[in-house]
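> Provided below are the primary sequence and the corresponding predicted coordinates.
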Amino acid sequence: MNHAPRTRIVVSCTLLVIALGASAAACGSDGNPLAATPFDAADQIAFNAPTGGGKKADPDKPLEVRAEDDGRITDVTATDATGRYLAGELSVDGTRWRSTSPLAANAHYTVRVSVEDEDGAPGRKVLDFDTSKPLGKTRLKVAFGPKSGTYGVGQPVTATLDRPVKDKAQRAVIERALRVDSTPAVQGAWHWVDDKELHYRPREYWPAHATIQVRSDLEGIKIRDRLWGGKSKPLKLTTGDRIIALTDASSHSMKVYKNDEVIKELPVTTGKPGFETRNGVKVVLGKEYLVRMRGTSIGIAEGSSESYDLPVYYATRVTWSGEYVHAAPWSVGSQGSANVSHGCTGMSTSNAEWFFDIVHEGDVVEVVNSDGNTMEPFGNGFGDWNLDWKKWRDGSALVAGTPDASPDQTARLRPQSV
């Protein structure tokens, strides 16, 4: 039995119609449409430019696919030459598919359309077209951080834009193009810190010895009128052992975990009343063998009873405002029994040297049971982990307010063995 194809596919950017000729199809001899060889489903195609002749489609206009003559679309896949997928939505009745993300400029696209005619016979059409260069000349560039290397499991990925973006729809275009892939795979999300900076972190800490690949697919993508995505340098990170230092300000002790096992417990002192150490998770920002610490840097008047000016060794920085884990030989008598510092975590010189040697940038330092405030999420280092997963996702232009894949829970702040 033969079926004459009655489905027409219209692919449209400007609705300029170009006839390509009628198509034919044949079913299997048993009359089963599923056994049919798919027919060439399109007899009319509309582009902003034809597939040849050097003409190109306008990337400012959405891609549209329509089925006619009582047929329906079953699937549309559109990708550019770099492998980027063009997102789209199919109407409930299957008669219309329209792209929902911007076309890339100066790109080559392949569109694969599958349909069924009114008798259920399958049809297929593969189309190719090119898009033109953007009319605007402004390019938005993205710089990823930190620099390539090996970091601790608490290290967030940062993306800094070279110009502000406030509109949520425009943010969604950008965020959709920023890719973070890790091995092993983890669940994660971007969070907009402000109009020019995003942070990416997993739901929980990165796995130990993971590989993290970061890239932007934003090049050639329209963000708004006269603003298009530019080229960005990709980033590769790896993680080392899972190092977490948990300080209990009430018991004046620090337990250092390596891959969830306690490898050392150290007597420490933290901030005294009026200078309490911040609670919460902090990420190691760097290490300095020698730092000159002065009370004036945190607002203490020179010459006052609280004033100090000291050379400090084996200083591991956890905030930009000057909180460190460091050697404090002057307070050894109080370490393990009282909190006498101006906000830092102090320990003996030998213990500070050991700690300095074992931790690296991106490792986790957490303080609990201090009378101080909680570490702020942004602006004073990486306090990203002090937002629970729901609040973190609320900072995404893509997933804010959408259900999670699993029951909501706060990010893990402590090692499993605590």
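Nice, I can see it.
> gap between the closest residue to Val193 other than its chain neighbours and Gly295?
Nearest non-adjacent residue to Val193, counting by CB to CB, 6 or more residues apart in numbering: Phe378, 4.9 Å away. From N, CA and C alone the C-beta is placed, and that goes for glycine too. Phe378 sits 26 Å away from Gly295, taking CB to CB, to the nearest Å as the criterion.
> now Trp330, what's its secondary structure?
Secondary structure, DSSP: H, G, I helix; E, B strand; the rest coil: Trp330 is helix.
> Quick one: residues contacting it.
Trp330 makes contact with Leu310 under the criterion CB atoms under 8 Å, 6 or more residues apart in numbering.
> 23 is where my numbering starts, stick with that
OK, 23 is where the count begins now, so the last one is Trp352.
> Verify the stated contact: Val175 with Asp385.
Yes - under the criterion of CB atoms under 8 Å, Val175 makes contact with Asp385 at 7.5 Å.
> Report pLDDT for the closest residue to Asn395 other than its chain neighbours.
In space, and not counting its chain neighbours, Asn395 is closest to Arg300: 6.0 Å by CB to CB, 6+ apart. Arg300 is assigned a pLDDT of 96 by the prediction.
> Would you report the backbone torsion angles of Gly317?
Taking degrees, to the nearest 10, you get phi -60, psi -30 for the backbone angles of Gly317.
> quick one: it from Gly344, how far?
10 Å.
> try Leu200
From Leu200 over to Gly344 (counting by CB to CB), the distance is 32 Å.
> ditto for Gln192
In this view, Gln192 and Gly344 are 37 Å apart by CB to CB.
> So Ser113 sits against Trp119, correct?
Yes - contact criterion CB under 8 Å: Ser113 and Trp119 qualify, at 7.3 Å.
> From the neighbour counts alone, determine which of these two ranks first.
Trp119 (23 against 13; other CB atoms under 10 Å).
> hang on, that one in a helix?
No - per three-state DSSP, Trp119 lies outside any helix segment and is strand.
> Touching, it and Thr99? I think so.
No - Trp119 lies out of contact with Thr99 (CB under 8 Å); the separation is 10.2 Å.
> so what's the closest residue in space to Thr424 that isn't next to it in sequence up against?
Distances taken as CB to CB, 6+ apart place Arg415 nearest to Thr424, at 7.7 Å, with adjacent residues excluded. Each residue near Arg415 by CB under 8 Å, 6+ apart is listed here: 211, 213, 421-422, 424, 426.
> one more time with 7 Å
Going by CB atoms under 7 Å, 6 or more residues apart in numbering, Arg415 touches 211, 421-422.
> Ile95 now?
Residues near Ile95 by CB under 7 Å, 6+ apart: 87, 89, 112, 116-117, 119, 135, 137.
> Identify the bridge partners of Arg118.
Note on Arg118: beta-bridge partners by DSSP bridges are Arg88.
> And the pLDDT for it?
83.
> Look up how far Ala194 lies from it.
Separation of Arg118 from Ala194 (CB to CB): 22 Å.
> ok, back up a step: mind checking which helix or strand the residue nearest to Val215 is in?
Using DSSP states H and E, Phe400 sits in no helix or strand.
> neighbours around Leu268, how many?
For Leu268, using other CB under 10 Å, the count is 21.
> To clarify, my last question referred to Ala360.
Using other CB under 10 Å: Ala360 sits among 13 other residues.
> Kindly report the same for the one 5 residues further on.
For Gly365, the tally of surrounding residues (other CB under 10 Å) stands at 21.
> how far away is the nearest residue to it once chain neighbours are set aside from Arg339?
Once flanking residues are discounted, Gly365 sits nearest to Gly293: 4.2 Å by CB to CB, 6+ apart. Counting by CB to CB, the gap from Gly293 to Arg339 is 16 Å.
> Could you do Val195 as well?
Distance, Val195 to Arg339, using CB to CB: 36 Å.
> so what's Leu183 closest to, chain neighbours aside?
Among residues not flanking Leu183 along the chain, Lys218 sits closest, at 4.7 Å (CB to CB, 6+ apart).
> so that neighbour touches Thr180, yeah?
No - using CB atoms under 7 Å, Lys218 is not in contact with Thr180; the gap is 10.8 Å.
> Show me which of these two is the more surrounded one.
For Lys218 versus Thr180, the count of surrounding residues by other CB under 10 Å is larger for Thr180: 18 against 14.
> Just the pLDDT for the spatially closest residue to that one that is not a sequence neighbour.
Of all residues not flanking Thr180 in the chain, Gly167 sits nearest, at 4.1 Å (CB to CB, 6+ apart). Among the per-residue scores, Gly167 shows a pLDDT of 98.
> re the thing from before, relative to Ala143, how far out is the residue nearest to Asn395?
Taken as CB to CB, the span from Arg300 to Ala143 is 68 Å.
> Would you agree Tyr227 is in contact with Val175?
Yes - the pair formed by Tyr227 and Val175 meets the contact definition of CB under 7 Å, at 4.1 Å.
> Residues that sit against both of those two, list them.
With contacts taken as CB under 7 Å, 6+ apart, Tyr227 and Val175 have 264, 386 as neighbours in common.
> In this protein, what helix or strand scores lowest on average pLDDT?
Least confident helix or strand of the chain, by mean pLDDT, DSSP states H and E, is strand 38-41 with a mean of 33.
> Val187 is in what secondary structure piece?
Following DSSP H and E, there is no helix or strand that holds Val187.
> residues contacting Glu328?
Glu328 touches 317, 322, counting by CB under 7 Å, 6+ apart.
> what about it, which SS state?
coil.
> which stretches of the stretch 73-222 of the chain form strands?
Counting by DSSP state E, counting those that start in this stretch, one finds strands in the stretch 73-222 of the chain at the ranges 86-90, 94-102, 110-112, 118-121, 130-138, 144-152, 160-162, 164-167, 171-173, 179-183, 200-205, 210-214, 219-224.
> All good on my end, thank you.
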